[in-house]
Every structure is written in C-alpha cells, then in structure tokens.
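S.K.: Turn this into a model:
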Amino acid sequence: MNICRWVHRYAELTVFTTWLLLIAGGLVTSTDSGLAVPDWPLSYGTWFPPMVGGIVYEHGHRMIAGLVGLMILGLAAWLWRVEPRRWVRRLGYGALAAVAVQALLGGLTVLWLLPPQISIAHACLGQTVFCLIVALARATSPRWDHDAARWEGACATSLRRWSLAAALLAACQLLLGAIIRHTGGMVRWHVLGAVILTYAVAGLIRRAWRMRRQLPVVSAHAVRLGALIAGQLLVGIAVLMHRGSVLFRTGHVAVGALILAQAVIVAWDIMRRTRVVPGRGERWRDYLELTKPRLSSLVLLTTAVGYWLGRRGSPSSMEGVAALLGTAGVVAGANALNEWMECPADALMHRTQRRPLPAGRLSAHQAWRCGAGLIAIGLLVLTVAVNGLSALLAAIAAATYLFIYTPLKRRSSLCTLVGAIPGALPPMIGWAAARHALGAEAWILFAMLYLWQLPHFLAIATLYRDDYARAGFRMLPVIEPDGSITARQTVLAGLALVPVTLSPPLIGLGGPRYFYSALVLGLLLLGLIGRAALTRSRPAAQQLFLASVLYLPALLGVLAYDRMG
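M.R.: Okay, here's the model as predicted:
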C-alpha cells in the first residue's frame, strides 16, 4: 500500500472519530450534562476526574475532542509533507483552524454557563469540521480521478441546481436542530424544513438516476443520501413521540451529521463531473454578481452588529433573521439598480467592464426587474416581520444611494460625503430592529461607519483614478491631480474617527477591553492615513485600503465581543 493510500485510510479514521465526537456532543445535550464539569480546560482541576453522573458524558466528550484535535493536526501535517495539490493542503489547514476555534467555543460555552448563541455556534462549527474531514477523505481517495468525464447539457444543469439546493437545505436543518436543542424553539420550522429537504432529495435522486449510466458514482451517492433521509425521518418521528429518549435524540444528531456530509459530497461530485452549456444555467452567477455580494456582506455584518448591540434580554430569533433578510434584499436590490444606472460608465472602466450588464450577459430590463423586485421584497419583510422604523431607514438608505449619490458622482466631488450616508445606516437598521427606536448609541454607530468610509473610499478613488476619469466621475482624486485636498480630508476623517470610536464606553455600549482595542486599532489606521497623506503614492493608498478593510470587522468584532461579556 503506497503512502497516498495510508493518508486516505488515516483520513477515514479521522472521519469516524469526528463522528463519534458529534455523538458524544449529542449525548451531552440529550442528558443535560453541559455543566456537569464547571471548569475548562481541566475538569474539576484535574485531567481525569471521577467518572460519575453527567461527568461521564461531559468529560468523555472532552477526551474525544482532544483526540480529534490531535488527529486533525496529524492529518494537516501529513498533507503538508506529502500532498502535491495545494487546495487539498489548504483544506487540511482549514480543518485544523476550525477545530481550534471549535475548542475555544466549547470552553466559552462552559465558562459562560451555556449561552445559546455560543452553544449554537459550537454545534454548527462541529458539523462544519466533520464535513471538512469528509471532504479530505474524499479528495485523498485513490479513486478521486476515476470517472472524471464531465457531462454537460440541460440534465447536468438541473442536477447541479438540485444538488446545491439539497446541500443548502441540509445545512439549514442542522442549524435549526442546533437552535432547538439549545433554546427549545422553532420545532415547527424544523419539521417544515424536513419536508422541504425530503422533496429536494427526492428530486435530486430522480435526476441522478436518469444519468446513472453517465454518472454511476453520483447516482449511488444520491441513493445513499435518500436512504439516510428516510432513516432520519423515522428517527425524527421517534423523537417527537418520545421526547425524553436520550437514544433517539442522540441518534437524530448522528444521522443528521451523516446527511449533511453526504449532501455536501453529492453536490461536490456533481459539480466536478458536470458542466453546463456556456451561456445557459449559470445565469444565477450573473444575478449574484449584479448584487455586489462582497459589499452586501459587509453591509449585513454591520447590520448584524447593530442588532446584537441593540438587543435586550433574549429577543426573537426570527426577528433578527428577518432584519438581516430584509436588509439583504434592499441592499442587493440597490446595488443591482446602481449597476443598471451606471452601465455606460462601467463599460468605460477596466475594473467593471466584465460586469454582467456591460459584458452583455444580462439585459437592462433583467437588471432593473431584479433590483426593483429585491428592494420591494426586502422592504416588505422589514415592514411586516420587523418594524416600520427599520423599513423606513432601509428605504432612506436605498433612495440616498440611488437618487442622490449615484447621479452626484458625475457632478461633484461631494459625492463621497453623500455616499457615506447610506453606507452608515445599516447598523442603525439593526439597532432599530432590536429596540424599535433609535438612541444615542445608534447615532454613534452611524458616525463610526460614516467617518470610516471617507478614508476607505478616498483610497479606492486614488487607486482607480484613471478609471474614474474615463467614466466621467468627479471623484476628489480625479479633479485635483496633486492630491493635497484628498490628503487633508483623509487625515481629518481619521482624526475624527479615533475619538468617535472611543466614545461607546461613555454611554455603556462597551467596556475597557473595547476601549483599549479601539485605541490601538485607531492609532494604527491613523498612522497609515498619515503615511498615505505624506507620500501620496499608490502603494501607500493600497496599504490604507487593505488596512481599512481589516479595521472595520476587527473594531466591530471587539465591540460585539465586549457586549457578549
């Protein structure tokens, strides 16, 4: 047996051990033994406490977790030494990083007396680690390159869509299951999700079976997924009939993990072995690109932080989800309409020429319909499922972005100051969703986001000065070639940003940990702002841009973490 086979066998053993860890975690929650050992990482101050009562489950879980961590460390090291494929090595490093974070979350769960948010994250990350190890076992298999013929056509396109839907629904079911185990709510949603997942898997099996001659491995995987779904439905019914049964509740977790891993493997194999006809079936990617997903993700992050900071006690989980979904719809729709309005200018700039509209992959009518529909749906969700104030703020953000900032870019350098307004409203939307009102804290969050955007966007305008000039955008770095006014505004914004970010503790929004972290982050960013202002060089602007991208999530992350404490 060659060394590659040994790596594969070791990965399979790691998969089995990780699955045992998930079963052990299910036993901990099923027996309510989460606080049977109140300290961490030791158990009652020792490595081997008396194994009585709930300590058997909790300390046994820790022992298996330690073994899994060491095995994943060994797997990552082994891949680093012998695996020629870079992406496989990176997958191993990702599994190692994930299990390290998982251990930290497990410790916080105990030390903070089982907070639902941390416990749910701990459960979901555990399933993620399991899927990563399963993927490594699959990638290191000697049969990885067998049956590698790629199949294209309408059937392949349909198969890809159904497989991705099944994997996504399986992940949502695991999330709902974690919420149920740690909060007791959303049982009806979980049952509804089981019905939808069963339908999706049935559709996947039907399409995979039609292509069993072309893709025998894929059809076999799909049938196994169907068998797991059938078994899980039976176990789920048993759980509903015998809610106190430790065996059925733990078995439900164990089979759910297998379903998620199998769904991911099915989707992965289908994506590897199929190809859609060029120009067909992949239009969803163009629609996704139309919504500027990276920018939308950052907006959702700030909205989530605003909601987290504004929450009181234990707010409705569905209200928070609705706030994020509604905001996502409005933001994505506004971005799509922005590209619709700026299509002629995008065609003139090198960095935007390949967007769906200037490249001709989507029509103007399709973009307008997509953008307007997303905004309407987002505002409806916010109005009905959250509150009118959050919907009003989202509408103001979209209107300012589309009807003031977008046309102003061709007329005045003040567009940056105006464009920062809709970018600073998302944390206020999150706060309004949690509190149903605005306070001084919401306005401080607005000021933080507003001031952060000025050096961030001025750095972008400096980097793409020539592109903006070709498109006729009157950004400040375009209309003043020497960069003196740009440098002055960047420095002033940075100087104002530092005291504003230090003000939350004054109104009880943060503590000493946040204050000192914000001070250090602010001074570091201010140093890069000063360097960019003095040198006025492209490398300095590039460094400022990258630093600003890292600065905001770090600042908000520390503030959210401080709120958790």
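S.K.: switch to C-alpha atoms for all contacts and neighbour counts from now on
M.R.: OK.
S.K.: quick check: mean pLDDT across the strand or helix carrying Arg161?
M.R.: Here Arg161 sits within helix 154-183, counting by DSSP states H and E. Averaged across helix 154-183, pLDDT comes to 85.
S.K.: Check the offset of that helix from the chain's centre.
M.R.: Distance of helix 154-183 from its chain centroid, counting by Cα atoms, centre = their mean, to the nearest Å, is 15 Å.
S.K.: continuing past it, what's the next helix or strand?
M.R.: Using DSSP H and E, the helix or strand that directly follows helix 154-183 along the chain is helix 187-210.
S.K.: mind checking how far the host helix or strand of Gly306 is from the chain centre?
M.R.: Using DSSP H and E, Gly306 falls within helix 293-310. Put simply, helix 293-310 sits 11 Å off its chain's centre (Cα atoms, centre = their mean).
S.K.: what's it packed up against?
M.R.: Here helix 293-310 touches helix 317-341, helix 426-435, helix 538-564, going by 3 or more Cα pairs under 8 Å, 6 or more residues apart in numbering; DSSP states H and E.
S.K.: Let me know the pLDDT of Met564.
M.R.: Here the pLDDT value assigned to Met564 is 66.
S.K.: hang on, I meant Ala194
M.R.: What the model reports as pLDDT for Ala194 is 90.
S.K.: Can you give me the neighbour number for the closest residue to it other than its chain neighbours?
M.R.: Distances taken as Cα to Cα, 6 or more residues apart in numbering put Gln173 closest to Ala194, at 7.1 Å, once the chain neighbours are dropped. A total of 22 residues lie near Gln173 under the criterion other Cα atoms under 10 Å.
S.K.: surely Gln173 meets Leu192?
M.R.: No: counting by Cα atoms under 8 Å, Gln173 stays clear of Leu192, with 9.6 Å between them.
S.K.: ok, now which ones touch Ala332?
M.R.: By Cα atoms under 8 Å, 6 or more residues apart in numbering, the contact set of Ala332 is Thr291, Lys292, Pro293, Ser296, Gly371, Leu374, Ile375.
S.K.: Give me the pLDDT for the fifth one.
M.R.: So the one you mean is Gly371. On pLDDT, Gly371 comes in at 93.
S.K.: what does the one 5 residues further on give?
M.R.: pLDDT for Ala376: 93.
S.K.: How about the one 10 residues further on?
M.R.: Per-residue confidence (pLDDT) for Val386: 89.
S.K.: Relative to Ser33, how far out is it?
M.R.: According to Cα to Cα, to the nearest Å, Val386 stands 36 Å off from Ser33.
S.K.: What of Tyr199?
M.R.: Noted for Tyr199: a distance of 36 Å to Ser33, by Cα to Cα.
S.K.: Who has more neighbours out of these two?
M.R.: Ser33 (18 against 13).
S.K.: mind listing what that one touches?
M.R.: Shown in contact with Ser33 (Cα under 8 Å, 6+ apart): Gly54, Ile55, Tyr57, Glu58.
S.K.: Repeat that for Val239.
M.R.: Ser245, Phe248, Arg249, His252.
S.K.: possible to save those as a markdown table with neighbour count, pLDDT and secondary structure?
M.R.: Converted to a markdown table, those look like this (neighbours: other Cα atoms under 10 Å; pLDDT from 0 to 100; DSSP: H, G, I helix; E, B strand; the rest coil):
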| residue | neighbour count | pLDDT | secondary structure |
| --- | --- | --- | --- |
| Ser245 | 15 | 87 | coil |
| Phe248 | 21 | 91 | helix |
| Arg249 | 23 | 90 | helix |
| His252 | 23 | 93 | helix |
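S.K.: Turn those into JSON lines, including distance to Arg474.
M.R.: Conversion of these to JSON lines gives the following (distance: Cα to Cα, whole Å):
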{"residue": "Ser245", "distance to Arg474": "68"}
{"residue": "Phe248", "distance to Arg474": "65"}
{"residue": "Arg249", "distance to Arg474": "62"}
{"residue": "His252", "distance to Arg474": "60"}
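S.K.: so which of those residues comes closest to Arg207?
M.R.: Set against Arg207, the nearest of the contacts of Val239 by Cα to Cα is His252 (27.3 Å).
S.K.: excluding its backbone neighbours, what's nearest the closest one?
M.R.: Nearest to His252 is Val235, by Cα to Cα, 6+ apart, at 6.0 Å.
S.K.: For that neighbour, list the residues it contacts.
M.R.: Contacts of Val235 (Cα under 8 Å, 6+ apart): Phe248, Gly251, His252.
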